[in-house]
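[1] got a structure for you, letters missing:
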Ligand SMILES: C[S@@+](CC[C@H](N)C(=O)[O-])C[C@H]1O[C@@H](n2cnc3c(N)ncnc32)[C@H](O)[C@@H]1O
């Protein structure tokens, strides 16, 4: 993924992620005064909703300096820091949250085990991830993907494998319309979620033509986006 490079074009190209972040914020249910550590906060799609909850004490972090600088400018009331959430320890917190981060880890259960170790006694975590059938139409055409895809139960097994008990979970699915497959792929690219170019230009063009043929409706091409939020506590 190319988040630091694409930080300035992320907001304009991440409408699905923003829509899910708003719902994740509603799911979290912050208690007044609760200390919240947000990981992979990006430009603050989730942070901005959490920051308006009275008395919330939020520390937003991201590995990308460009994302942190944009987030800080957009939501200055919150404390911002650069933090790689997949390497080394994360700060202790009563509540740890993220939206659209955990799926980027190579070893999700190892990462969750380290995050669990940073919860204060009685603490909880809410992490939200894209989930099957997110982008399934595109993945039916292009099998290569920068992330490992799981359904709801698969994600719950990852949490259980890290010694976490899932207390609540919520799944959302949206149909997102783009004018064409080229616009859809362009938005993914400009949001930074695509990795190193793996397909040659010929194969990419062919894949977009196939997508347009299969998924064009009256308003453009349709893509399924699906997101899962999980609240978990140490076993
Ligand atoms: C899909 S964006 C989600 C951003 C934001 N939470 C949202 O909902 O729009 C993923 C974010 O995770 C960050 N990220 C990726 N790897 C990371 C890591 N190892 N530690 C912390 N942040 C990371 C990226 O810089 C990017 O801002």
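    Here it is on my side, so go on. Because the structure is predicted, anything quoted here is derived from the model rather than measured. Numbering: from 1, shown residues only.
[2] Point me to the residue of the protein nearest the ligand.
    Nearest residue of the chain to the ligand, counting by Cβ to the nearest ligand atom: residue 42, 2.6 Å away. C-beta coordinates here come from the backbone N, C-alpha and C atoms, glycine included.
[3] And for stretch 75-84, what's in contact with it?
    Taking contacts as Cβ atoms under 8 Å, 6 or more residues apart in numbering, the residues outside stretch 75-84 that touch it are 39, 41, 44, 47-48, 51, 58-65, 68, 71-72, 90-91.
[4] rerun that using 7 Å as the cut-off
    Residues outside stretch 75-84 that contact it (Cβ atoms under 7 Å, 6 or more residues apart in numbering): 44, 47-48, 51, 58-63, 65, 68, 71-72, 90.
[5] Measure how far that stretch is from the centre of its chain, please.
    Centroid separation for stretch 75-84 versus its chain: 17 Å, with Cα atoms, centre = their mean, to the nearest Å.
[6] Show me what counts as buried in that stretch.
    75, 78, 80, 83 (16 or more other Cβ atoms under 10 Å).
[7] Adding secondary structure, write those residues out as JSON lines.
    Below are these laid out as JSON lines (DSSP: H, G, I helix; E, B strand; the rest coil):
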{"residue": "75", "secondary structure": "coil"}
{"residue": "78", "secondary structure": "coil"}
{"residue": "80", "secondary structure": "strand"}
{"residue": "83", "secondary structure": "coil"}
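[8] Return only those of those residues found close to the ligand.
    Among the buried residues of stretch 75-84, none lies close to the ligand by the criterion of Cβ under 6 Å from any ligand atom.
[9] quick one: which of the residues you listed is nearest residue 158?
    residue 83 (21.5 Å; Cβ to Cβ).
[10] which residues sit in contact with residue 64?
    Here residue 64 is in contact with 3-4, 7 (Cβ under 7 Å, 6+ apart).
[11] let's see it at 8 Å
    3-4, 7, 42, 82.
[12] Could you dump these into a markdown table with distance to residue 232, secondary structure and pLDDT added?
    Shown next, in a markdown table, are the contacts of residue 64 (distance: Cβ to Cβ, whole Å; DSSP: H, G, I helix; E, B strand; the rest coil; pLDDT from 0 to 100):
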| residue | distance to residue 232 | secondary structure | pLDDT |
| --- | --- | --- | --- |
| 3 | 25 | coil | 93 |
| 4 | 29 | coil | 90 |
| 7 | 29 | helix | 94 |
| 42 | 22 | coil | 98 |
| 82 | 26 | strand | 98 |
